[in-house]
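*Asks:* sequence first, then the predicted structure:
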Amino acid sequence: EAGVAQSPRYKIIEKRQSVAFWCNPISGHATLYWYQQILGQGPKLLIQFQNNGVVDDSQLPKDRFSAERLKGVDSTLKIQPAKLEDSAVYLCASSLVGVRTDTQYFGPGTRLTVL
Amino acid sequence: DQQVKQNSPSLSVQEGRISILNCDYTNSMFDYFLWYKKYPAEGPTFLISISSIKDKNEDGRFTVFLNKSAKHLSLHIVPSQPGDSAVYFCAARRSQGNLIFGKGTKLSVKP
């Protein structure tokens, strides 16, 4: 079974530029999560999708971050414009249905550096 | 406001000995806890979990203990192996299914 795929793996941009990350979850997984992991911290949830609907985006900085999950499969996360403090690893995860006992499977992440 | 706390940034143990990683939480509404393991340049991988109705869950060399009254859980690895060297994250699951993570503890197992 293929795991969660993410691209690109690394991205370096200058502040005020835009950037987009892509995630392809495990086939058949209805729930998709984007987490932000700043160096020295644990992952922090940005947004959770159930199929193509948003379940929780309470911690997404909506003035600059946006995410979509068209057709309930792949997802993209965009930052526009980027700030220095956005430097982090962006992790995508997926789970079967999103209930408490579901296991979340993580992709390898995209490491973003904002200069 | 950290709801899940891992107060030890690092831990070093000798191969074959026990590793004990600790985690505290503040929200008594959490009812499911997980441990994830992370190697460099990889995403976290699920290790073991425990429901709040239990006080112990065991899977091979890994055992998680939960003390609800103290809002404390711990992960025991016995015996520790060099391949266990990684960052371990404690996480609590929220009602929507997403996770709140601690800052992680870096475990080094010396041969």
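*Replies:* Thanks, I have it.

*Asks:* what about residue A:53, neighbour count?
*Replies:* 9 (other CB atoms under 10 Å in any protein chain shown). C-beta here means a position set from N, CA and C on the backbone, and glycine is covered the same way.

*Asks:* again with residue B:55
*Replies:* Residue B:55, neighbours per other CB under 10 Å, totals 12.

*Asks:* so who does it touch?
*Replies:* B:65-68 (CB atoms under 8 Å, 6 or more residues apart in numbering or on different chains).

*Asks:* quick one, phi psi at it?
*Replies:* phi -120, psi 0 (degrees, to the nearest 10).

*Asks:* residue A:72 too?
*Replies:* According to degrees, to the nearest 10, residue A:72 has phi 70, psi 20.

*Asks:* same question for residue A:16.
*Replies:* Torsion angles, degrees, to the nearest 10, at residue A:16: phi 80, psi -10.

*Asks:* out of the helices and strands in chain A, which is least certain?
*Replies:* In chain A, no helix or strand scores lower on mean pLDDT, DSSP states H and E than strand A:53-56, which sits at a mean of 92.

*Asks:* need the next SSE after that strand, C-terminal direction.
*Replies:* Counting by DSSP states H and E, the next helix or strand C-terminal to strand A:53-56 is strand A:65-68.

*Asks:* how much space separates the most centrally placed residue in chain A from residue B:78?
*Replies:* The geometric centre of chain A, computed from its C-alpha atoms, lies nearest to residue A:34 (CA atoms, centre = their mean), at 2.8 Å. Separation of residue A:34 from residue B:78 (CB to CB, to the nearest Å): 35 Å.

*Asks:* low-confidence bits of the chain, can you list those?
*Replies:* Defaulting to chain A. A:1, A:98-101 (pLDDT under 70).

*Asks:* to clarify, I was referring to chain B.
*Replies:* Using pLDDT under 70, chain B drops low at B:1.
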